[in-house]
Structure formats: structure tokens, C-alpha cells
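In: need a structure here:
(chains A and B)
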Amino acid sequence: MASLTGASATEASSKNGQFDASRSPDFIRIENVGKLFGGRGPVVTALQDINLQIGLGEFVAVVGPSGCGKSTLLRTLAGLIPPSSGKVWFGDHRLEGPRHDIGVVFQSPVLFPWRTVLENVLIPVDVQKLDRKKYLSRARDLIDLVGLSEFERRYPAELSGGMQQRVGIVRALVHDPAMLLMDEPFGALDAMTREHMNVELQRLWTAQHKTILFITHSIPEAVFLADRVVVMTPRPGRIAEVLDIDLPRERTLDMMSTAPFGEYTRRIRAHFGSAGGMD
Amino acid sequence: MPDLSSLDTLRNRILSILLLCLVLGIWQGSSMFLNIPAFILPSATAVAQGLWRGTTSGLYLHHGAVTLFEVLAGFALGGVLGLALGVAVALNRRFAYFIYPYIIMFQSMPKVALAPLFVLWFGLGVTSKIVTAALVAFFPMMINTISGLNSADKDRIDLIRSLGGSERQVFTMLRFPSALPFIMAGLEIGMALALIGTVVTEFLGAEAGLGMLMQSMNFVMDVAGSFSVLIILATVGLLLNQALIMIRHRVLFWERLGRAEPDLASEENFAAESKRPRGGSALSPSQK
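Out: Model prediction:
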């Protein structure tokens, strides 16, 4: 642990994205993280006193209404914005900017219209200047895993919304990141496609053993997918409760109508009752 | 242009040709029966004769080649400089700060008004025409490049950054391709303006060129000849524009792709996407 203060060690690790996660069961530690926004205007506290540990391979969902800072939390973990206070640790290394071993999935598919499905999936490989040949078969396997093999050479405009989002998800996996950050990835999909994608994501998570932080404003979605649900409340954005979801895997859509499932959603929803519910 | 392809049937094609004949007939009839002097409105047949004579004698080919060369050279020069300066302004805030006042000053000035000066400075040869054409083609190109490079989607920028990508990679992988629809629109406007700039400068004084030819025909009241040169100029403009449209379809191939399996969500995406400029720009071709 002594070496972690060395800036060069930290920098080297974030360059090649390697770290020894096995040394700590808590793969990610978020310590007293706060984030203030507002240059000229009034200061907004987007995050306050966020403390959270995420274990290796764990699926953590964050629920909360708009403006509770959940997206800010994700962007902080992605290294896109620095926290105003507090620290984030990835294994032994302090987060100081974007890392090579994180995959981000956004609310919209964020595909490049001039790249085919395969070329879109290879964007992380291109950005990180990895060997395209080496990753080609992995990219194809991932595309196959979400049932899009036939569409490998198609362009995003030729795909439906659900298919586009699947491309966005497997792209986040192609460089074999240790962690996936997902920012309401199914928010723009219709209810039917969304349920289907939830089942598919669970399958993908089981197959790939990634640590996942999943942002959503759907309580059932969070309970269905996560090992733990982090409930956030707005103004200022802080953690109200962290709830262990003790439902067996693989979870099925039928489980959503069982009593324990209903109990979890009720308990989470209770946090938002006074605030007028989720929006 | 609205999409009119569904109207393109054999019946409508025949009607379209009949309409053309009707217009030509009215033109011919009015010059024959309304006693309009030939130096005001020459008859359609006189114009056709002028067109035939000028084309077969090689006169139009000679002058047309000069004009075409001036247009293309000016367009290329202005286009390259506009692109380069647009990139510099979009990428370097300090450079943008110092150069912007000049851009705004020149933007509000009618650029062709400089043509007489250019003839004075660069003479009656091709140089003065190329310089004018380059100047007028330069601005739409630069402005469109700047707005195109700034049009890159924020989530896409974040995606590259989140993977540890550099600003250079953001530029090559995202900003530049995102700017291509704007740049192509800039080229179309620039080409139209380059033709105008060239012809106007030829009016002012030239050794050769369609503009000069038209001017000299006007001096001898050969209005039918002038009309026929106008037709040549329109044809040149049309062909140049068509060439650019072909290039545009090749470069921006993704703008014309259809959906394989539309569903509700994709329809929503589609609606959101169509709000973004699809090949539109700060200066759209309709403004020319």
C-alpha cells in the first residue's frame, strides 16, 4: 500500500490499466466524495458525503430522481469530472482521470454513424491504440453474444433503438475493462424492449464477470438487476440507503411479481414518497 | 430540395416536357406577335441559333474553359484556406480571439465589391478572377468548418475521453467526421459564389472568359448571344453543383442509410436525430 502515494506508480497504472484487485475485496472505494457546480451562478451541491465500497464482480444499481447527482457520480467515476472533495480509489490507485480499464455506456447508444457495427465496437481498441487484429475475434464474439452477428457490417442508422443500445453495451466490454459504468442505458427504450434488455444484461454480466455500476430511475429495474441498490435523494445529492437485494440468480421477469420483489421496491419507493415520487 | 422522387413517373415526365415546350412556345410567340424588339427580348430561335453558332465555332468552349479554370482554381484556393483557417479557429481559442474581429468585419462586407480593386492590382488576366473567386468561396467554407467542428456530439466526446483518448483523437475520430456535412454544404455554397465572383470580375475587364464575352456581346446589342452565354453559365453552374452532390453522397454515405427494423424506440431516436442539422449548416445552400 505504500507505493500508492507515488505519483509515477499511479500514473503508470492508469496508463496500462493494471492493478491487483485481489488485494482488496473492495475494488472501488468512494470516500467522502462531494461535487459542487456553478461558476458564475449560485453553487449547486450535486454530491455530498458519498461513501460507497463496491466489491469485485459486484452489480450495484443507483436509483434516484432526476437531479439527485447519480449521473454526476458516474461521470466522476469515469474520470470525466474531478470531485470537489473526497477521493476515489480503484484497488490501490487513486482515480485521477479517465482510466483504460473502464467501459462507459451512456443513455443514448452514442454510436458513430459513419462506422459499421463492428467498427463501432472497436472504438475503444482504436482509441487505446490496441492491436485491432487481436481484438477482432473478441469484438465478433461480443456482437454474437447480443445476437447481432448478421448486422456486423451494417451502419447504426440501419438498426433499431434496442439493437443500437446493445452495440453500445458490447462496445464498452471490448477492451475487457474491469468495470462497466452504465448511465440509464435503457432509459430511451420502450417498456418491452427494456425488460428484454434487462434479462440480456444479466446474462452478459454472468458471462463476463464485470463489476457494474448501473444508474437508473426505474426501481424495479434496479431491484431486478442488482446485488445492492444505492438509493440517492436530491438537493444535495446524497446516499439515503444501501439495500442488499437477496433474490436468487438467475432472476427471471416472473420474479418481479413476487412478494419479496414487491417488498424491495416498496421500501425503496418509500424514500421518495415525501419528495413527490420519482420523475 | 424536397424529395420528389415519388412523382417521377412516365406520365409526369411527358407532362414535364410538354410544359417546357409550352414555355418555349409562349416565349417564341410573344417575341413574334407582341412586337418586342430583339434587343429587349430575342426570340427563342435566335437564342438557339446563337447557342449553336457559339458552340460549333469553338468560341464558347474557349471562353468557357477559361472561366471554368478560374472558378475551379479560386474555389480550390478559397476552399483549402477556409478549411485550414476554420480548423485553426475551432481548435485554438487564443487564435480565435484575435482573428474573430477581422472575420466579422469581412463577413458583413459584400466581397465582390473588392473585385474592381483586384482587377487594378492583378490585371486583366486570370489572377484577378481567381483571387475574387477564392475570397468569396473562402468565407462560407471557413464559417461552416468552424460550426461543423463545434457540432460534435457531447456524449461522443465523453466516450472518447472516458477511454483515455487525447484531444487529437477526439479531433480525428469525431470532430472532423462530424464536421463533414457542414464542410460539404460549405463547398456547395463556395462553388456557387466562386462562379458569381469570377463572372462579375470578368465583366469588369478580362482577356477571355464567358463574362467578358457576354459583356462584349452587350456592347454590340447581340442580346441573343448574351442569352446563349447565360444558358452556358447556368449549365456550368448546374454541372459543378451536380459534381459536388455526387461527391457529397459518397463522402456522407451514412446520411442516406435506411432502417432495417424500425421499432418504437428507434422512431424516437429518429425524431431526435432529424432535429440535428442533417447536412445542414450555419449557412445553408438555400441562403446563396
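In: Show me the helices in the stretch 51-200 of chain A, by range?
Out: For the stretch 51-200 of chain A, the helices identified by DSSP state H, counting those that start in this stretch occupy A:70-77, A:117-121, A:123-127, A:132-145, A:161-173, A:191-208, in order along the chain.
In: For the last one, name the packing helices and strands.
Out: So the one you mean is helix A:191-208. Other helices and strands packing on helix A:191-208, by 3 or more Cβ pairs under 8 Å, 6 or more residues apart in numbering or on different chains; DSSP states H and E, are helix A:161-173, helix A:219-225. Where C-beta positions appear, they are placed from N, C-alpha and C, glycine not excepted.
In: Dump the ones you listed into JSON lines; add mean neighbour count and mean pLDDT as well.
Out: Written out in JSON lines, the entries for the helices and strands packed on helix A:191-208 read as follows (neighbours: other Cβ atoms under 10 Å in any protein chain shown; pLDDT from 0 to 100):
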{"stretch": "helix A:161-173", "mean neighbour count": "25", "mean pLDDT": "92"}
{"stretch": "helix A:219-225", "mean neighbour count": "23", "mean pLDDT": "94"}
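In: could those helices be laid out in TSV, adding distance to chain B?
Out: Rendered in TSV, the data for the helices and strands packed on helix A:191-208 read as follows (distance: least, Cβ to the nearest Cβ, whole Å):
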stretch	distance to chain B
helix A:161-173	3
helix A:219-225	15
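In: so where's the chain uncertain?
Out: This is for chain A. Across chain A, residues meeting the criterion (pLDDT under 70) sit at A:1-25, A:274-279.
In: that's the other chain; I wanted chain B
Out: Low-confidence segments of chain B, defined by pLDDT under 70, are located at B:1, B:258-288.
In: run the last query once more with 50
Out: Applying pLDDT under 50 to the predicted model, the residue ranges of chain B that meet it are B:260-288.
In: quick one, phi/psi of the residue nearest the centre of it?
Out: In chain B, the C-alpha nearest the mean C-alpha coordinate belongs to B:Ala192, at 2.8 Å (Cα atoms, centre = their mean). Phi and psi for B:Ala192, reported as degrees, to the nearest 10, are phi -60, psi -40.
In: looking at the helices of the stretch 51-200 of chain A, which is buried most?
Out: helix A:161-173 (a mean of 25; mean count of other Cβ atoms under 10 Å in any protein chain shown).
In: how far out from the middle of the chain is stretch B:2-16?
Out: Mean-position distance between stretch B:2-16 and its chain equals 26 Å (Cα atoms, centre = their mean, to the nearest Å).
In: Would you reformat the helices of the stretch 51-200 of chain A as TSV and include distance to B:Tyr60?
Out: Rendered in TSV, the data for the helices of the stretch 51-200 of chain A read as follows (distance: least, Cβ to Cβ, whole Å):
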stretch	distance to B:Tyr60
helix A:70-77	63
helix A:117-121	48
helix A:123-127	51
helix A:132-145	53
helix A:161-173	53
helix A:191-208	62
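In: So B:Val47 lies in a strand, does it not?
Out: No. Using DSSP: H, G, I helix; E, B strand; the rest coil, the assignment for B:Val47 is helix, not a strand.
In: these two touch, right, it and B:Ile232?
Out: No. Taking Cβ atoms under 8 Å as the definition, B:Val47 is not a contact partner of B:Ile232, at 11.2 Å.
In: Those two: who's more crowded?
Out: Neighbour comparison, B:Val47 and B:Ile232: the larger count goes to B:Val47, with 23 against 20 (by other Cβ atoms under 10 Å in any protein chain shown).
In: Contact partners for the more buried one?
Out: Taking Cβ atoms under 8 Å, 6 or more residues apart in numbering or on different chains, we find B:Val47 in contact with B:Ala224, B:Phe227, B:Ser228, B:Ile231.
In: Of those residues - the most surrounded one?
Out: Neighbour tally across the contacts of B:Val47 (other Cβ under 10 Å): the maximum, 26 neighbours, falls on B:Ser228.
In: That one sits in which helix or strand?
Out: Here B:Ser228 is covered by helix B:223-251, with elements defined by DSSP states H and E.
In: Could you identify the most distant pair in the contacts of B:Val47?
Out: B:Ala224 and B:Ile231 (10.8 Å; Cβ to Cβ).
In: Tell me how far B:Asn92 lies from B:Ser166.
Out: Distance, B:Asn92 to B:Ser166, using Cβ to Cβ, to the nearest Å: 16 Å.
In: An error on my part: the question was meant for A:Pro83.
Out: Remark: distance between A:Pro83 and B:Ser166 (Cβ to Cβ) = 23 Å.
In: which one of those two has more residues nearby?
Out: Higher neighbour count among A:Pro83 and B:Ser166: A:Pro83, with 22 against 11, using other Cβ under 10 Å.
In: that older thread, need the helices and strands packed on helix A:191-208 in CSV with distance to A:Phe106, can you?
Out: CSV is the format used below for the helices and strands packed on helix A:191-208 (distance: least, Cβ to Cβ, whole Å):
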stretch, distance to A:Phe106
helix A:161-173, 7
helix A:219-225, 16
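In: and B:Arg53, which of those is closest to it?
Out: Once Cβ to Cβ is applied to the helices and strands packed on helix A:191-208, the stretch that comes out nearest is helix A:161-173, at 60.2 Å.
In: and the closest one, what does it pack onto?
Out: Taking 3+ Cβ pairs under 8 Å, 6+ apart as contact, the helices and strands that helix A:161-173 lies on are strand A:102-105, helix A:117-121, helix A:123-127, helix A:132-145, strand A:179-183, helix A:191-208, helix B:264-275.
In: chain center to that helix, what's the gap?
Out: The gap between where helix A:161-173 is centred and where its chain is centred comes out at 13 Å by Cα atoms, centre = their mean.
In: what inclination does it have with respect to strand A:179-183?
Out: Computed with axes from the mean of the first three to the mean of the last three Cα atoms, to 10 degrees, the direction of helix A:161-173 lies at 150 degrees from that of strand A:179-183.
In: For stretch B:37-46, measure first residue to last.
Out: 12 Å (Cα to Cα, to the nearest Å).
In: Repeat that for stretch B:34-51.
Out: End-to-end distance for stretch B:34-51, by Cα to Cα: 24 Å.
In: can you pull the buried residues of it?
Out: B:Leu41, B:Pro42, B:Ser43, B:Ala44, B:Ala46, B:Val47, B:Ala48, B:Gly50, B:Leu51 (16 or more other Cβ atoms under 10 Å in any protein chain shown).
In: The closest residue to the second one other than its chain neighbours and B:Ser43, how far apart?
Out: Okay, so that is B:Pro42. In this structure, B:Pro42 finds its nearest non-sequential neighbour in B:Ala224, 3.7 Å apart by Cβ to Cβ, 6 or more residues apart in numbering or on different chains. With the distance defined as Cβ to Cβ, B:Ala224 ends up 8 Å from B:Ser43.
In: and what of B:Leu24?
Out: Using Cβ to Cβ, we find B:Leu24 at a distance of 10 Å from B:Ser43.
In: now do B:Asp222
Out: B:Asp222 is 14 Å from B:Ser43, by Cβ to Cβ.
In: do A:Leu142 as well
Out: From A:Leu142 to B:Ser43 the distance is 72 Å (Cβ to Cβ).
In: just B:Asp155 next, same as before
Out: With the distance defined as Cβ to Cβ, B:Asp155 ends up 62 Å from B:Ser43.
In: hmm, back to that, show me which of the buried residues of stretch B:34-51 is closest to chain A.
Out: Chain A lies nearest to B:Leu51 out of the buried residues of stretch B:34-51, by Cβ to the nearest Cβ, at 43.5 Å.
In: Then the closest one would be within a helix, right?
Out: Yes. Counting by three-state DSSP, B:Leu51 is found in a helix.
In: Those residues of the stretch 101-250 of chain A touching chain B, which are they?
Out: Contact residues, the stretch 101-250 of chain A versus chain B (Cβ under 8 Å from any Cβ of the partner chain): A:102, A:104, A:106-108, A:110, A:112-114, A:123-124, A:126-128, A:151, A:154-164, A:175, A:188-190, A:193.
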